[in-house]
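Trainee: starting from these lines, generate the structure:
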Amino acid sequence: TIPGHLRLSRLAAQADVAGVGTAEMAFTVDEVAGLLRSRGHADVSQEQARRWQAASHGWAAALVLSGDVEAPTGAETITSPRQLYGFLSDEVVGRLPAPLQRFLVHTSVLHPVTAFAADGLLETEGSEVLLSEIANQLLSVQRTDSVPPAYVYHPLLGEYLLNRLRTEEPARYAALSARA
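Mentor: Residues are numbered from 1 along each chain as shown. Coordinates of the predicted model:
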């Protein structure tokens, strides 16, 4: 949240402020290798680091939470770790109000998510407002520059949300998947 007294547009015009997004924060392959080595995986290869970077999209939290496995042998070790799902549940999705959580879970069958597709899938209106609010709160949900805008859930977030939908609401999962 930005305090109301800050005038960011003036600061931006004077080049006194800059934005940092997920692309700038994503770890490179070399940074992934360095992180894994610093966490006790001294023999990690560049190929292993490349697979981990690709699987995590350079997301530091995913790397740290998944990097405690016995050996980083490839992307398969980062795709569904219990620690990562706990983090997503408690610290990412769990911090959203319940209606936004339900919306995220139910729209996880769409790739990417557009307001039109979400409205049709959920037989509702107003998805653009919800998507915009979610993207403003979660770095793991990105709005594209397309017209109309589309929203992309980080692959690990999307996997978590789909898993949650499948396990908590199997009938709804089947219905939404069929409609998507």
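Trainee: buried ones in the host helix or strand of Phe116?
Mentor: Phe116 belongs to helix 115-122 when assigned by DSSP states H and E. Residues Ala115, Ala117, Ala118, Leu121, Leu122 are the ones in helix 115-122 that count as buried (16 or more other C-beta atoms under 10 Å). Placement of C-beta: from N, CA and C, glycine included.
Trainee: now distance to Phe103 too, for these, in CSV please.
Mentor: Output for the buried residues of helix 115-122, formatted as CSV (distance: C-beta to C-beta, whole Å):
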residue, distance to Phe103
Ala115, 11
Ala117, 13
Ala118, 8
Leu121, 10
Leu122, 8
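Trainee: sketch out the helices for this protein, chain order is fine.
Mentor: 8-13, 22-25, 29-38, 46-56, 60-66, 82-87, 98-107, 115-122, 127-137, 155-168, 170-179 (DSSP state H).
Trainee: where among the ones you listed is average confidence lowest?
Mentor: Note on these: helix 8-13 shows the lowest mean pLDDT, a mean of 67.
Trainee: leaving out chain neighbours, which residue sits closest to Ala117?
Mentor: In this structure, Ala117 finds its nearest non-sequential neighbour in Leu110, 5.3 Å apart by C-beta to C-beta, 6 or more residues apart in numbering.
Trainee: now for Ser108: which residues touch it?
Mentor: By C-beta atoms under 8 Å, 6 or more residues apart in numbering, Ser108 lies in contact with Tyr153, Gly158, Leu161, Leu162, Arg164, Leu165.
Trainee: any idea how far the third one is from Leu100?
Mentor: What it means is Leu161. 12 Å (C-beta to C-beta, to the nearest Å).
Trainee: between these two, who's got more neighbours?
Mentor: Neighbour count, other C-beta atoms under 10 Å: between Leu161 and Leu100, Leu161 has more, with 20 against 17.
Trainee: got phi/psi on the closest residue in space to that one that isn't next to it in sequence?
Mentor: Closest residue to Leu161 apart from its sequence neighbours, by C-beta to C-beta, 6+ apart: Ser108 at 3.5 Å. Main-chain dihedrals, Ser108, degrees, to the nearest 10: phi -70, psi -10.
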